[in-house]
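**Student:** Prediction below, plus the sequence it came from.
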Amino acid sequence: MMQLAKFISLSHFLLVLCLPLALAGHDYGQALSKSILFYEAQRSGILPHNQRVSWRGHSGLHDGKASGVDLVGGYYDAGDNVKFGLPMAFTVTMMSWSVIEYGKQMAANGELGHAMDAIKWGTDYFIKAHPEPNVLYGEVGDGNSDHYCWQRPEDMTTDRRAYRIDSSNPGSDLAGETAAAMAAASIVFRHSNPAYAAELLRHAYQLFDFADKYRGKYDSSISVARKYYQSISGYNDELLWAASWLYQASNNKYYLDYLGRNGDSMGGTGWSMNEFGWDVKYAGVQTLVAKFLMQGRAGHNAAVFERYQEKAEDFMCSCLGKGRRNVQKTPGGLIFRQRWNNLQFVTSASFLATVYSDYLASSGRYLRCPSGNVPPAQLLSLAKSQVDYILGDNPRGTSYMVGYGTTFPQRIHHRASSIVSYKVNPTFVTCRGGYATWFSKKSSDPNLLTGAVVGGPDAYDNFADQRDNYEQTEPATYNNAPLVGILARLSAGRGGYNQLLPVAVPAPTPAITKQKPAPKPKVTPAPASSSGPISIQQKMTTSWVANGNTYYRYSTVVTNTSPKTLKSLNLSISKLYGPIWGLTKSGDSYTFPSWLNSLSAGKSLEFVYIHSASPADVSVANYLLA
């Protein structure tokens, strides 16, 4: 017994000595760069001149041709060569959410431009895939024939048939998720490319209407997807998810009321979830709606939104191990949901914990768990522990991000990385020959799939680095998308955040110039102005300090003082340096919001904007009375 005790003590000492150096702290900025670079290796179509993953080449150049539509582009979802629309759209939504919340931190790391490029590669494809209001192409290629072959994307000989949904063959989950992706991405590009953002939002509106009007599960219409990306949760969560993003992108009250009106019947307030991913969106919806509530934007929907928030907090508490039905964790502390690609659930849950931590901190609230109130910092600490595990702080001392750290998977289940690059050896690789020559090799992959997050270990922290172990060694685009946001957040440390401020994604490559201090804003109401029968009154309603800057909220009331109905109105607004709500941008001017067509005699409309300067200059450009 004494000998055994000595052996255990010695083993523990050796284990401590052998733990990776990463325990001393990770380079989150480097991990962020690598996690975004991964998307360039997953690109389909004609690769751009600034492609950084040099071992990849053009592929899928005839996609959609047989159907009379251009479907060149987009992403391969994982280690295969199929373009699956549902996980691709979720990837773009989550990448966009990462930029919306932590774009400033990405910019500080020099990665915002790359992240926006990754998003645009997906949205450019979705624009092509949505050629008509009620038509959406949801898959290119067939999983069965593709999985029969082991070929580089550049050598594909498999069936590249395109599959679509339409009014006769609906797919509300697919159309809803794609609407969410387009709406979220429109926020990302709002300042740097407003015309493109407007185009994305137009597609998002149409896709949501399509999804809501013609209801059905997409895998009933595109049955070939069922074996690979079955919609088990149905489509109600995607409809709520899309409405959440459309409200965030447009500030259109219709979508806010949609969430309030359908929250109970569609499960938004009823489902307490312990997972979030490409199929099940409820926890994401609940987190976003809780944000709207904490921002004071719920209006008459407050009671319903409080029920959404209760479910959001059930999810957070379960991840912390402080709920009524807690998530399972491995002995090493990793959230565990399933054997196959478990890390997708780890990164998604950790992202929700990260943003909700910042939402709570911004509102000065604690998380309410059955065991008592929990400080928001505990949620961020949970997310950090999960990311650190992925990057190497685990019983095996293995990084599950390819190319990060000294020990990481070398034989991943990925066709392109496991076969010699087309640029090194252009000899054609046949469908079955790829299995015989490359899949069966025991050596490391000839191409490094930098930044790829693989499926990860099992419930006991075990992992086998083998190419045929697809449950653990296959990467996926939706593993990385939430991780991008968390890494950006962690790379910036624990500085002050106010995630309840209006979204203002910085330009991807801001010019570095010395700026003069902004003039001190006036704290008294700005004088009223008028243009004939239209009066304009501005006033500052509130102010706050965030990150050393003082922000002001201005309310502007436009009143029709004439005895006639105001049929059209164009306002000119200059010296505006922040987001605006309650108007619609029309060229260089602003007009009625989408829910208002005219303004009766004596009636007023109100719009608000926020920036850290004096009131903007608002004037009437032109108008038309009935």
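**Tutor:** Looks like it arrived, so ask away. Numbers count the residues shown, from 1 in each chain.

**Student:** So the spatially most central residue of the chain: helix, strand or coil?
**Tutor:** By C-alpha atoms, centre = their mean, the chain has its centre lying nearest to residue 94, at 1.4 Å. Of the three states, residue 94 takes helix under DSSP: H, G, I helix; E, B strand; the rest coil.

**Student:** show me the contacts for it.
**Tutor:** With contact taken as C-beta atoms under 8 Å, 6 or more residues apart in numbering, residue 94 is in contact with 348, 351, 478, 481, 482, 485. All C-beta atoms are positioned from the backbone trio N, CA, C, and that covers glycine.

**Student:** Quick check: it vs residue 296, distance?
**Tutor:** Look at residue 94 and residue 296: by C-beta to C-beta, to the nearest Å, they are 26 Å apart.

**Student:** now the contacts of residue 94 as CSV including secondary structure?
**Tutor:** Conversion of the contacts of residue 94 to CSV gives the following (three-state DSSP):
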residue, secondary structure
348, helix
351, helix
478, helix
481, helix
482, helix
485, helix
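
**Student:** Run through the residues that contact residue 452.
**Tutor:** By C-beta under 8 Å, 6+ apart, the contact list for residue 452 reads 38, 41, 401, 402, 403, 412, 414, 417, 475, 479, 480.

**Student:** Just give me the neighbour total for the last one.
**Tutor:** Pointing back at residue 480 there. Residues lying near residue 480 (other C-beta atoms under 10 Å) number 29.

**Student:** Look at it and report its pLDDT.
**Tutor:** Looking at residue 480, its pLDDT is 98.

**Student:** my guess is it meets residue 35, correct?
**Tutor:** Yes: in this structure, residue 480 is within contact of residue 35 by C-beta atoms under 8 Å, at 4.9 Å.

**Student:** Need the overlap of contacts for these two.
**Tutor:** Shared contacts of residue 480 and residue 35 (C-beta under 8 Å, 6+ apart): 451, 453.

**Student:** which stretches of this protein aren't confidently modelled?
**Tutor:** 1-24, 494-496, 509-532, 544, 546-548, 594-595 (pLDDT under 70).

**Student:** Quick check: closest non-adjacent residue to residue 247.
**Tutor:** residue 255 (3.8 Å; C-beta to C-beta, 6 or more residues apart in numbering).

**Student:** how much space between that neighbour and residue 231?
**Tutor:** Remark: distance between residue 255 and residue 231 (C-beta to C-beta) = 22 Å.

**Student:** Could you do residue 293 as well?
**Tutor:** Applying C-beta to C-beta to residue 293 and residue 231 gives a distance of 28 Å.

**Student:** Who has more neighbours out of the two?
**Tutor:** Under the criterion of other C-beta under 10 Å, the comparison of residue 293 against residue 231 puts residue 231 first, with 24 against 20.

**Student:** which ones are touching the more buried one?
**Tutor:** So residue 231 contacts 86, 173, 174, 217, 218, 219, 279 (C-beta under 8 Å, 6+ apart).

**Student:** Pull the contacting residues for the closest residue to the third one other than its chain neighbours.
**Tutor:** Among residues not flanking residue 174 along the chain, residue 218 sits closest, at 3.8 Å (C-beta to C-beta, 6+ apart). Contact partners of residue 218, counting by C-beta under 8 Å, 6+ apart, are 85-86, 138, 165, 170-175, 225, 231, 235.

**Student:** For ChimeraX, what selects the buried ones among these?
**Tutor:** This is the ChimeraX syntax for the buried subset of these, where burial follows 16 or more other C-beta atoms under 10 Å:
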select :85,86,138,165,170,171,172,173,174,175,225,231,235
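
**Student:** between the contacts of residue 218, which is nearest residue 436?
**Tutor:** Minimum separation from residue 436 among the contacts of residue 218 (C-beta to C-beta) is found for residue 225, which lies at 28.8 Å.

**Student:** Could you double-check that that closest one sits in contact with residue 217?
**Tutor:** No: Residue 225 is beyond contact range of residue 217, at 10.2 Å (criterion: C-beta under 8 Å).

**Student:** circling back to that earlier point, name the secondary structure element that contains the residue nearest to residue 247.
**Tutor:** Using DSSP states H and E, residue 255 sits within helix 253-262.

**Student:** Contacts made by that helix with the rest, please.
**Tutor:** 236, 239-240, 243-244, 246-247, 268, 285, 289, 292, 297-301, 304-305, 308, 595.

**Student:** one more time with 6 Å, if that's ok
**Tutor:** 243, 246, 247, 289, 301, 304 (C-beta atoms under 6 Å, 6 or more residues apart in numbering).

**Student:** can you check stretch 617-626 too?
**Tutor:** Stretch 617-626 is contacted by residues 531, 534, 536, 556, 564-565, 567-570, 572-575, 589 when judged by C-beta under 6 Å, 6+ apart.

**Student:** Are any of those buried, and if so which?
**Tutor:** 534, 536, 556, 569, 570, 573, 589.

**Student:** how many neighbours does the residue nearest to residue 247 have?
**Tutor:** Summarising burial for residue 255: neighbours were counted as other C-beta under 10 Å, giving 22.

**Student:** can you check residue 374 too?
**Tutor:** Residues near residue 374, counting by other C-beta under 10 Å, number 18.

**Student:** quick one, what contacts it?
**Tutor:** Neighbouring residues of residue 374 by C-beta under 6 Å, 6+ apart: residue 367.

**Student:** what bridges to it?
**Tutor:** Under DSSP bridges, the beta-bridge partners of residue 374 are residue 367.

**Student:** Report the separation between it and residue 559.
**Tutor:** 47 Å.

**Student:** same question, residue 575
**Tutor:** 22 Å.

**Student:** Am I right that residue 552 sits in a strand?
**Tutor:** Yes: assessed with three-state DSSP, residue 552 lies in a strand.

**Student:** doesn't residue 540 make contact with it?
**Tutor:** Yes: assessed by C-beta atoms under 6 Å, residue 552 is found in contact with residue 540 at 5.2 Å.

**Student:** Look at those two and report which has more neighbours.
**Tutor:** The neighbour count for residue 552 versus residue 540, taken as other C-beta under 10 Å, is higher for residue 552 (20 against 17).

**Student:** Apart from its neighbours in sequence, what residue is nearest the more buried one?
**Tutor:** Using C-beta to C-beta, 6+ apart and skipping the chain neighbours, the partner closest in space to residue 552 is residue 543 (4.8 Å).

**Student:** The one you found - how many residues pack around it?
**Tutor:** Around residue 543 there are 14 residues (other C-beta under 10 Å).
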